[in-house]
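Asker: generate a structure from the sequence data that follows.
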Amino acid sequence: MNEVADYKLVRNSSVGAELHEEEAKILATVLGVRHLKDGELLVSEGGTDHTLFLLAAGKLGVISSDAQGKESLVHTMKEGECAGTRAFVDRTPRKATLRGIGHATVYTLTPDAFDTLVDAHPRLIYKVMRALFRNTHTNLMRMNQESRELSNYINKTQGRY
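Answerer: Below you'll find the model as predicted:
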């Protein structure tokens, strides 16, 4: 028997923040469950898998490669965060590699599994897509702030240096 995602963890995640208990239970039925060991690869940068990942337990490293292929840890995901929003929505190649840091449990949502809910649960779909938009918007705002701070640092403006 396949392992079933814990709807309580789904509900307490960035994707499930707006979901009612019954909606979280429905979403949990279409999620896959992956257990990662320390350093285990979940997905590679440039890959064409369009799965959305929700970190249920542990930590995930978000890793980016430079032009020479050298990998750098750019973010450590915490429980409840999701990754792969752009690939999931736009169906484009991955922009980062994801690896387990320690033992981690990841819930997976494929576009095909998500599509099975559209007709029967349109409000659930709406809430999840709104959460994905919020996630993307938050990341964009953070990146813009970091860019401004870097620019201010380089140009020695708007701060104490």
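Asker: what is the longest helix seen in the chain packed up against?
Answerer: In the chain, assigned by DSSP state H, the helix with the most residues is helix 122-155. Helix 122-155 sits against helix 21-29, helix 85-90, with contacts defined as 3 or more Cβ pairs under 8 Å, 6 or more residues apart in numbering; DSSP states H and E. Yep, even glycine has a C-beta here, placed from its N, CA and C like the rest.
Asker: list the buried residues for it?
Answerer: For helix 122-155, burial by neighbour count (16 or more other Cβ atoms under 10 Å) applies to 124-125, 127-128, 131-132, 135.
Asker: find the centremost residue of the protein, please.
Answerer: Ala83 (1.5 Å; Cα atoms, centre = their mean).
Asker: wait, that residue sits on Lys59?
Answerer: No: shown here, Ala83 and Lys59 do not form a contact pair, counting by Cβ atoms under 8 Å, at 11.8 Å.
Asker: any residues in contact with both of these two?
Answerer: In terms of Cβ atoms under 8 Å, 6 or more residues apart in numbering, Ala83 and Lys59 are both contacted by the residues Met77.
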